[in-house]
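Undergrad: Need a 3D model of the following:
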Amino acid sequence: MDYSFTANFENQLDRVAEGELEWKSVLDSFYTAFKKDLTLAFTDEGMRKNTPTQTDIDCPTCESNQMVIRNSGTGVFLGCNGYNNEGVDKCKGTLNLISGDEAISLDDQDEASNLMIKERCQLCETSMDNFLMDETRKLHVCGMNPDCSGYKIEQGAFKIKGYDGPLLECHKCGSEMQLKTGKFGKYFWMSK
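TA: Numbering: from 1, shown residues only. You can find the predicted model right below:
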């Protein structure tokens with residue numbers, strides 16, 4: 001991946017706007033390079049696969065498959081292993097994860113030391129990233145994921161750091177809802 005591509009291409013477009021370059025030649029050179037990169041991406045030497053990591057976490061949506069750790073442009077999330085199934089067996093269930101940097105353990109009275117602790121992967125000894133799944137589970141994922149399939153689930157009592165509200169009453173059932181953070185931003189979630 002060439003991170004300077006956008007800046008260089010913008011400079012070329014600026015030079016086209018100033019009349020220094022011809023737009024057809026700029027697009028021809030872009031397309032030639034793009035076509036070569038696209039062809040390479042579909043070979044074994046091109047883009048590597050983003051293989052999901054299998055877990056033993058049951059899917060809360062279909063309850064018949066287990067979740068896999070997936071990486072995307074928006075970060076790490078859990079997705080149902082049944083996503084690639086056909087027909088009625090297909091499940092699109094996902095579970096957004098909250099960064100462990102925003103979570104604290106209710107069992108640990110020393111909040112500062114709790115945030116500094118990083119688990120080590122049992123497979124490759126790399127530092128693990130941690131994510132809050134819900135109020136009772138924290139997921140530790142190897143920092144080398146998807147190259148390393150190491151993960152660990154920590155049981156306990158957790159909450160979002162500094163979160164003491166707001167709570168809203170659900171207009172349908174009257175249950176309390178609390179503010180959460182997901183991959184698309186903040187939302188209210190009904191605790192069960």
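Undergrad: What average pLDDT does stretch 119-136 get?
TA: The average pLDDT for stretch 119-136 rounds to 86.
Undergrad: Pull out the buried positions in it.
TA: Glu119, Cys121, Thr126, Met128, Asp129, Asn130, Phe131, Leu132, Met133, Asp134 (16 or more other CB atoms under 10 Å). Yep, even glycine has a C-beta here, placed from its N, CA and C like the rest.
Undergrad: The second one is in contact with Cys148, isn't it?
TA: Yes. Here Cys121 lies in contact with Cys148, judged by CB atoms under 8 Å, at a distance of 6.2 Å.
Undergrad: quick one: the strands in this structure?
TA: In chain order, the chain shows strands spanning 53-58, 66-72, 75-80, 94-95, 98-99, 103-105, 128-132, 137-142, 151-155, 158-160, 167-169, 176-182, 185-190, with DSSP state E as the criterion.
Undergrad: Run the chain-centre distance for the fifth one.
TA: Here the centre of strand 98-99 is set off from its chain's centre by 9 Å, with CA atoms, centre = their mean, to the nearest Å.
Undergrad: Between Cys121 and Cys148, which contacts overlap?
TA: The contact sets of Cys121 and Cys148 overlap at Cys142 (CB atoms under 8 Å, 6 or more residues apart in numbering).
Undergrad: Need the residues that contact stretch 9-23.
TA: Val26, Phe30.
Undergrad: now do the same end-to-end measure for it.
TA: Using CA to CA, to the nearest Å, the end-to-end distance of stretch 9-23 comes out at 12 Å.
Undergrad: Can you give me the buried ones in it?
TA: Going by neighbour count (16+ other CB under 10 Å), the buried part of stretch 9-23 is Gln12, Val16, Leu21.
Undergrad: List the residues that contact Lys152.
TA: By CB under 8 Å, 6+ apart, the neighbours of Lys152 are Glu119, Gln122, Met128, Leu139, His140.
Undergrad: Distance to Ser64 for the buried residues of stretch 119-136 - can I get that in CSV?
TA: Listed next are the buried residues of stretch 119-136 as CSV, based on distance: CB to CB, whole Å:
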residue, distance to Ser64
Glu119, 30
Cys121, 29
Thr126, 32
Met128, 29
Asp129, 28
Asn130, 28
Phe131, 24
Leu132, 25
Met133, 19
Asp134, 20
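Undergrad: which two in these are spaced the farthest apart?
TA: For these, the maximum inter-member distance is 25.2 Å, found between Thr126 and Asp134 (CB to CB).
Undergrad: biggest helix in the chain by residues?
TA: Longest helix of the chain, by residue count under DSSP state H: helix 23-41.
Undergrad: can you give me the offset of that helix from its chain's centre?
TA: On the basis of CA atoms, centre = their mean, helix 23-41 sits 31 Å off its chain's mean C-alpha point.
Undergrad: For the closest residue in space to Glu135 that isn't next to it in sequence, name its beta-bridge partners.
TA: Leaving aside its chain neighbours, Glu135 sits nearest to Phe158 (5.9 Å; criterion: CB to CB, 6 or more residues apart in numbering). Using DSSP bridges, the beta-bridge partners of Phe158 come out as Ser105.
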